[in-house]
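[1] here are the coordinates; sequence isn't available:
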């Protein structure tokens, strides 16, 4: 089992729809969770970080964390073509120090 | 203007050659990281350093070497022992406390001639 798994893509949604990106992790003691966006040929940039169970909202983005189910998701409301990118989930485990473990990413395409 | 710089943007390596990728940060971050990304893949950790003059191997350290002589700088050398070096190399830095965000440089794309 991979340490961090993301839903297989590519994911395609129409403009204005909600895009839902999912991530599961294997280490139950993990404390810190991050969503990065990576445009083709560019480096990852942070979208959201979340540390506590529940929802965290920032503009059109909502991160949801459920530690009991070892599940973290990212919702993008009113999806725009500019949201088309690969989204990477990253997790900091309890024995990892400051290291992050990344999923393989989910490619999202928002169609006009 | 704070940030992370990587150079060069593109690098070409000949067979049997060692090449060095530069990474500099002026964020006063303690921790620095090198990742490799292959097409359609996630990030794999090569080496990381949490303090000057100390570094640890990541998951795919074979064929690579690093140094951390200054807080601001963490160069990566791709040695001739790395038989498949073609990839996108990303440097990141972090304040150093577990749970802090990692910030990435723009990356270096390494190609083999």
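    Ah, there it is. Bear in mind that the values here come from a model prediction, so they are computed numbers and not experimental data.
[2] where in chain A is pLDDT low?
    A:1 (pLDDT under 70).
[3] residues in it within reach of chain B, list them.
    For chain A, the contact set with chain B under CB under 8 Å from any CB of the partner chain comprises A:4, A:31-32, A:34, A:42-46, A:49, A:51, A:88, A:90, A:92, A:96-100, A:102-105. Glycine gets a C-beta too; all of them are placed from N, C-alpha and C.
[4] Can you flag which of those residues belong to strands?
    Among these, the ones falling in strands (DSSP state E) are A:4, A:32, A:34, A:45, A:46, A:49, A:88, A:90, A:92, A:102.
[5] residue contacts, the second one?
    In other words, residue A:32. By CB atoms under 8 Å, 6 or more residues apart in numbering or on different chains, residue A:32 lies in contact with A:49, A:51, A:91, A:92, B:98, B:99.
[6] and with 7 Å instead?
    Contacts for residue A:32 (CB atoms under 7 Å, 6 or more residues apart in numbering or on different chains) come out as A:49, A:51, A:92, B:99.
[7] what's the answer for the first one, then?
    Applying CB under 7 Å, 6+ apart, one finds that residue A:4 lies in contact with A:23, A:25, A:89, A:91, A:101, A:102, A:103.
[8] so what's it closest to, chain neighbours aside?
    Leaving aside its sequence neighbours, residue A:4 sits nearest to residue A:103 (CB to CB, 6 or more residues apart in numbering or on different chains; 4.1 Å).
[9] which residues touch the residue nearest to the spatial centre of chain B?
    Chain B has residue B:34 as the residue nearest its centroid, 3.0 Å off, counting by CA atoms, centre = their mean. Going by CB under 7 Å, 6+ apart, residue B:34 touches B:46, B:47, B:66, B:76, B:89, B:91.
[10] Kindly recompute the last result at 6 Å.
    B:46, B:47, B:76, B:91 (CB atoms under 6 Å, 6 or more residues apart in numbering or on different chains).
[11] That one: which element?
    strand B:31-37 (DSSP states H and E).
[12] next helix or strand past that strand?
    Following strand B:31-37 in sequence order, the next helix or strand is strand B:43-51 (DSSP H and E).
[13] Sounds good, over and out.
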